[in-house]
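A.B. asks: Build me a model:
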Amino acid sequence: MGTPMTYDQLRDHLDQIYSDPSTRLDVRLIEKLQAELFASTDPKVSAALLVQISNLLPNIQEDPTPLTNLATKAATYLNYSQIRSIEPPLDILAGIKAPSHPVNLLALSLLRKASESVSDAAVVAGDSALVTSLVEIWLTSTTTAVAEAAFDVLWCLLRIDHPNQPWINGNMESSNSGGLGLVWRRLFGDRNVYNLLFSICCLDNDGQPGQPSKRQKSVAQGRLMDFVTRVGSLDWQAVTASHFPDVELGFKCKNLLDFAACQMVDTEDVLLHMTLIHFLEDLLKIDAPGFQQRCSTAQVSHPIFSSPSLDFLVSSGLHDRIMKYFVEPSTLDPAEAAYLSGPIMAYVSQYAQLYPNHLLQNQQSFLDKILTRTLQSFDMPSVQWAHGAVPSGELNILASLPRVMLLEAGKRSLNPLFSIPSKPLHKDTLGALGRIFHGPLGRKVDSDAEQQEDLSHNPTSSRAEAAAARTLYFQYLNQHTAIWNNVVAAAETVAMTDTALAAIAFIKAVATANWDVIKQGSTSEGITTARFAIPTEDEVERLGPASQGNLPLHGAWALLVPPALTVVLPYLFKDPQTHANFVAGGRGDTESAVWRIATAKYDALVALESSIERIGGSTNGVEDVIRTMKRRVAQGPWGNTSQIGSRVDALEL
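C.D. replies: Just a heads-up that it's a prediction; the model follows:
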């Protein structure tokens, strides 16, 4: 254990300030000592610094940030038990209540140490005044950094103290030992603390003595919504149970979630309404089933394609209200629509992506409204797709819809996918097309595993989505035969960097596509319902370009056959453009664009090679292509290294 070289000098300097508060801080000396503090520093030195600085802070006459930074560094290598054992004791509660933001941050950094140990978290839970002050400063602080630090402390304490979360020092352990639940009991079982969550955020008591202003309450509401989402993801029961019925009744709600989602926000305030919709979107993520059946209805109270969070949104009417805003935009106030449409479409997209089977159980008329609304947004001239505002929200929704739904809509000429132009191309259209054609995210479909599951009641599944992605690709290719020429042209346009990168990402999405095939003579029965049946292979072949013959079974192989073969592979094999290709324009911007595009292009090529190797099988007829690909991959992002000198010279111009 060592003592920093400048410790004695700084100690004398701080003693001088204590004797004469008008003495100016020697910031250089403070920063020098701060740099000398390490894990090997004697803990007694760190403790002495904390005591000396805490004694100075109430009387210092200038910005205390240099001192609080030093104290924070000194406490870095101490645990909470060591901090509590310092004599004379450090008053963390006074630091939290201090009118100085740097002091608040120091106190919160010390308190956060308690989240590293279950026993230390229990000590904090036993101090009602400390937890009360922590909640108050989190919800009411006008300084964002302080509020965020307070929330971080509160969340870390809850996380390590949760009985079902074996967290030790921030890491999950293999043991089944969890927290003691004492912090949870303090927060949700202490009437005064629990009441704060409501009273600080409620607008009905605005203007009463001791209450924050309406503006501060609005900020607190946003913080509480974030808290409810985080806590609900860890313990749904905590935010949905009634802990003090009389407290909740006083705020016209049933529980904390009901208060935050249904009672707290004044939706006449457009910004708060936006925040509320974002909050509801975040709730959707909690325990979302995706394509899976989590468990049978006999085991849980919510349907197999739903979740507790979606059940709440549906039962409260919030889900139907937001979905109606999208399919019937006339129900929105035109003055608010410009602000709310983005969050609304983000919610619809999230719902479609996380709850595909729940969505597909809706009435056909409702699904058709979603399709029609999306289709209408794509009805605009080509010049707007090129230079105007594109319907990004609707494109995101389209890419999130179950692919089997799009296939079924195509039978009735309602599939919005085919209305997306292949020229001109926009980064958002490329992103949507790439997501659709790539297939379901996650691991590759295990057909044998899914065949063992009972999916007869599932409108869709991972395998159904993988097969639908392949079919939609060929359907789109039939109607937009020049898509690959246009994609490569966009990828080569360095001046439009975002579009070029999106075009390369589209190539990579197809190269790594998660596709499946409904084999000849079989049906999609067992992986989807009859309503959303997938075409069999013989039916798909009739959809594909006649010149191809047998259609490729994988996305990577789709790039090795026409029409992609003659344009995409030459582009990927070609050395990237460099700064030497440009004779005008901003050097820095062009170099940045060239580098980003070159590395993205190389990543796409590597992804294609990896996909082909993973797929395996015969390479008859494309041996030369495979050899060329491997040689180009071995050359790296910039290709032929014999030209590297000229590139360096060009970049130094």
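A.B. asks: switch to C-alpha atoms for all contacts and neighbour counts from now on
C.D. replies: Noted.
A.B. asks: list the contacts for residue 314?
C.D. replies: residue 320 (C-alpha atoms under 8 Å, 6 or more residues apart in numbering).
A.B. asks: State the mean pLDDT of the lengthiest helix in the chain.
C.D. replies: Assignment by DSSP state H gives helix 587-615 as the longest helix of the chain. On average, the pLDDT along helix 587-615 is 86.
A.B. asks: What residues of that helix count as buried?
C.D. replies: 590-591, 593-609, 611-612 (16 or more other C-alpha atoms under 10 Å).
A.B. asks: got the angle between the helix or strand following that helix and helix 587-615?
C.D. replies: Next helix or strand after helix 587-615 toward the C-terminus (DSSP states H and E): helix 623-635. Angle, helix 623-635 to helix 587-615, by axes from the mean of the first three to the mean of the last three C-alpha atoms, to 10 degrees: 130 degrees.
A.B. asks: Might one say that residue 322 is in contact with residue 343?
C.D. replies: No - judged on C-alpha atoms under 8 Å, residue 322 makes no contact with residue 343 at a distance of 9.6 Å.
A.B. asks: distance of residue 66 from residue 517?
C.D. replies: Counting by C-alpha to C-alpha, to the nearest Å, the gap from residue 66 to residue 517 is 65 Å.
A.B. asks: So if I had to pick from these two, which one is more boxed in?
C.D. replies: residue 517 (22 against 17; other C-alpha atoms under 10 Å).
A.B. asks: That one: what's it in contact with?
C.D. replies: Counted by C-alpha under 8 Å, 6+ apart, residue 517 has contacts 466, 467, 470, 536, 537, 553.
A.B. asks: Narrow these to just the buried residues.
C.D. replies: By 16+ other C-alpha under 10 Å, these give 466, 467, 470, 536, 537 as buried.
A.B. asks: for the stretch 501-650 of the chain, which spans come out with low pLDDT?
C.D. replies: Low-confidence segments of the stretch 501-650 of the chain, defined by pLDDT under 70: 520-529, 543-549, 579-591, 617-619, 641-650.
A.B. asks: How is the residue nearest to residue 424 when sequence neighbours are not counted assigned, secondary-structure-wise?
C.D. replies: For residue 424, ignoring the flanking residues on the chain, the nearest one in space by C-alpha to C-alpha, 6 or more residues apart in numbering is residue 386 at 5.5 Å. Classification of residue 386 using DSSP: H, G, I helix; E, B strand; the rest coil returns helix.
A.B. asks: Now do the same contact list for residue 386.
C.D. replies: Here residue 386 is in contact with 424, 425, 426 (criterion: C-alpha under 8 Å, 6+ apart).
A.B. asks: Throw these into CSV and include pLDDT, distance to residue 316 and neighbour count, thanks.
C.D. replies: Compiled in CSV, those are given as follows (pLDDT from 0 to 100; distance: C-alpha to C-alpha, whole Å; neighbours: other C-alpha atoms under 10 Å):
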residue, pLDDT, distance to residue 316, neighbour count
424, 93, 43, 16
425, 94, 41, 22
426, 94, 39, 22
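A.B. asks: Tell me which of the residues you listed fall in strands.
C.D. replies: Using DSSP state E, no member of those sits in strands.
A.B. asks: out of those, who's nearest residue 230?
C.D. replies: Checking the contacts of residue 386 against residue 230 by C-alpha to C-alpha gives residue 426 as the nearest, at 35.5 Å.
A.B. asks: residues contacting that closest one?
C.D. replies: 385, 386, 499.
A.B. asks: of those residues, the lowest pLDDT goes to which?
C.D. replies: Among those, residue 386 has the lowest pLDDT, at 84.
A.B. asks: any idea how far residue 500 is from that one?
C.D. replies: 14 Å.
A.B. asks: repeat for residue 225
C.D. replies: Residue 225 is 38 Å from residue 500, where distance means C-alpha to C-alpha.
A.B. asks: For the two, indicate the residue with more neighbours.
C.D. replies: More crowded of residue 225 and residue 500, by other C-alpha under 10 Å: residue 500, with 28 against 24.
A.B. asks: and the spatially closest residue to the more buried one that is not a sequence neighbour, how many neighbours?
C.D. replies: Of all residues not flanking residue 500 in the chain, residue 491 sits nearest, at 3.9 Å (C-alpha to C-alpha, 6+ apart). Neighbours of residue 491 under the rule other C-alpha under 10 Å: 25.
A.B. asks: Mind pulling the model confidence for residue 491?
C.D. replies: We note a pLDDT of 96 for residue 491 in this prediction.
A.B. asks: residues in contact with it?
C.D. replies: Contacts of residue 491 by C-alpha under 8 Å, 6+ apart are 499, 500, 501, 502, 503, 504.
A.B. asks: go on, residue 471?
C.D. replies: Contacts of residue 471 by C-alpha under 8 Å, 6+ apart are 535, 540.
A.B. asks: I'm done for today, thanks for sticking with me.
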